[in-house]
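[1] next one to model:
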Amino acid sequence: MSREWVPTAIPLLAVGFLGTLAFRTLVPAIAFVVSEDLAAGVAGAAVASAAFILCRSAASLASGWLYDRARLARILPAISFAAFSIVTLLYALAREVWHIALLKGLQGLLAGLSWPLVQVVLAESVPERIRGRVLSIYFSAGSAAGLLANFVYAAASSWPVGHQLLLPAALFACAALAYLASRPPPRIPERRRVGGARPQLALVGAALAVSSLCSFAFGEVSYALLSELLSIGRAETALAIALVTAAGMGTSYLLNWAADAGFELQVLAATVAAAGVAPLAVAAGGSASLVGYVLALASQMAFRPLSRRYATTRSETPGLAVGALNAASNVGTGLGQLAIALLASVT
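    Next up, the predicted model:
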């Protein structure tokens with residue numbers, strides 16, 4: 001069996017881990033700067049987060065469009081990760097909330113110019129028969145980095161802000177180097193099974209739905225909500241989320257194995273259905289809440305690689321398709337967490 005794809009895949013898997021670890025270590029540092037040091041509270045943090053989501057969504061579409069028309073756009077992630085390092089260090093100079101919002105918006109642009117293209121390059125560099133599993137490993141590496149980032153930030157939380165920023169800046173630089181180390185092997189492009197625009201639009205709509213329905217299981221809101229629903233402490237909540245995340249990784253890999261075996265559409269439908277059931281289970285309360293978290297994490301963690309596999313295998317414009325999936329997921333997560341905030345304010 002040919003392994004010529006390995007020199008490309010391994011560095012890109014490292015990019016997924018290093019880049020996510022950098023970003024997730026940076027998030028709490030900036031959140032506390034906004035809410036405590038600048039005394040902007042939750043509203044200030046929300047403005048900064050909205051700036052990131054909007055800019056990332058727009059840039060995701062633009063980078064995908066560029067990739068399909070000029071393959072030299074493949075270099076954009078390396079440039080973006082290097083720029084991430086510089087922008088990260090600039091947070092130490094922020095004195096107003098709008099400074100933070102501006103830098104978060106810039107980071108959103110850089111994220112949109114990098115992550116969708118990393119996903120497309122990785123997917124197109126591996127054979128279709130293993131594409132789903134490789135993408136699942138890529139997203140699982142990011143999830144593992146997100147968990148590790150909590151411990152990293154906890155260890156560095158007492159440092160001055162400027163010192164806290166050095167680690168994510170260095171990690172972003174390492175991600176840029178890892179991306180440059182990837183060498184796509186020469187290959188004959190696979191024939192794409194084009195199904196028209198309608199299936200692609202349906203997939204983007206599914207990405208919007210899944211990300212919004214499962215948004216309660218990601219980010220800071222997941223800790224607060226699960227702790228309240230199960231009446232457990234901080235340590236128990238963190239442990240529960242870690243275990244559920246591990247279960248989600250395993251489920252994602254198995255479902256993507258099934259997709260590689262020829263059951264792609266059936267597995268996609270199952271993940272969307274699970275995402276629809278998840279918030280209902282959480283609303284039921286008690287032990288059903290934990291079931292809802294498992295369903296939400298498993299469906300979202302499986303849908304990401306599944307949808308990228310489908311887009312890069314069946315679309316004539318894989319860059320734009322993956323960019324649209326990233327944009328829809330970002331918008332869906334933002335809308336879902338906004339809905340949670342509105343519901344919490346009226347109950």
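[2] low pLDDT regions in the stretch 201-347 of the chain?
    219-221, 223-224, 234-235, 341, 344-347 (pLDDT under 70).
[3] repeat the analysis, applying 80 as the threshold.
    Within the stretch 201-347 of the chain, the stretches with pLDDT under 80 are 218-242, 285-287, 334, 337-347.
[4] which residues of the stretch 151-300 of the chain fall in strands?
    In the stretch 151-300 of the chain, no strands are found when defined by DSSP state E, counting those that start in this stretch.
[5] how many neighbouring residues does residue 170 have?
    Applying other CB atoms under 10 Å, we find 14 other residues in the vicinity of residue 170. To be clear about C-beta, it is placed using only N, CA and C from the backbone, and glycine gets the same treatment.
[6] so how far is residue 130 from it?
    32 Å (CB to CB, to the nearest Å).
[7] do the same with residue 319
    For residue 319, the distance to residue 130 - CB to CB - is 21 Å.
[8] who has more neighbours out of those two?
    Using other CB under 10 Å as the criterion, residue 319 and residue 130 rank with residue 319 on top: 29 against 16.
[9] need the nearest residue in space to the more buried one, chain neighbours excluded.
    Nearest residue to residue 319, sequence neighbours excluded (CB to CB, 6 or more residues apart in numbering): residue 67, at 3.1 Å.
[10] was I right about the one you found contacting residue 117?
    Yes. Using CB atoms under 8 Å, residue 67 is in contact with residue 117, at 5.6 Å.
[11] shared neighbours, those two?
    The contact sets of residue 67 and residue 117 overlap at 73, 74, 319 (CB atoms under 8 Å, 6 or more residues apart in numbering).
[12] secondary structure element for residue 326?
    Applying DSSP states H and E as the criterion places residue 326 in helix 318-346.
[13] buried stuff in that helix?
    Within helix 318-346, the residues that qualify as buried are 318-334, 336-337, 340, counting by 16 or more other CB atoms under 10 Å.
[14] residue 158: how many residues sit nearby?
    The tally of other residues near residue 158 (other CB under 10 Å) stands at 8.
[15] residue 202 too?
    If we define neighbours as other CB under 10 Å, then residue 202 has 12 of them.
[16] would you mind measuring from it to residue 331?
    For residue 202, the distance to residue 331 equals 16 Å [CB to CB].
[17] same question, residue 145
    23 Å.
[18] residues contacting the residue nearest to residue 319?
    73, 74, 116, 117, 120, 318, 319, 320, 323.
[19] for these, which one is nearest residue 175?
    residue 117 (12.9 Å; CB to CB).
[20] which residues touch the residue found closest to residue 170 once you drop the neighbours it is linked to in the chain?
    Spatially, and ignoring its direct neighbours in sequence, residue 170 is nearest to residue 85 (7.4 Å; CB to CB, 6+ apart). For residue 85, the contacting residues are 169, 170, 172, 173, 176, by CB under 8 Å, 6+ apart.
[21] does residue 148 touch residue 20 like I think?
    No. Using CB under 8 Å, residue 148 makes no contact with residue 20, being 9.2 Å away.
[22] what about the two, which has more around it?
    The neighbour comparison of residue 148 against residue 20 (other CB under 10 Å) goes to residue 20, with 22 against 15.
[23] that one: which element?
    Using DSSP H and E, residue 20 falls in helix 6-32.
[24] run the chain-centre distance for that helix.
    How far helix 6-32 lies from its chain's middle: 10 Å, per CA atoms, centre = their mean, to the nearest Å.
[25] what's around residue 257, how many residues?
    15.
[26] check which helix or strand covers the closest residue to it other than its chain neighbours.
    Nearest residue to residue 257, sequence neighbours excluded (CB to CB, 6+ apart): residue 133, at 5.6 Å. If you go by DSSP H and E, residue 133 is part of helix 131-156.
[27] report the rounded mean pLDDT for that helix.
    Averaging pLDDT along helix 131-156 gives 88.
[28] can you give me the buried ones in it?
    131-146, 149-150, 152-153, 156.
[29] angle of that helix against helix 6-32?
    40 degrees (axes from the mean of the first three to the mean of the last three CA atoms, to 10 degrees).
[30] for the strand or helix carrying residue 306, buried residues please.
    For residue 306, the host element (DSSP H and E) is helix 287-314. Counting neighbours by 16+ other CB under 10 Å, one finds that the buried residues in helix 287-314 are 289-314.
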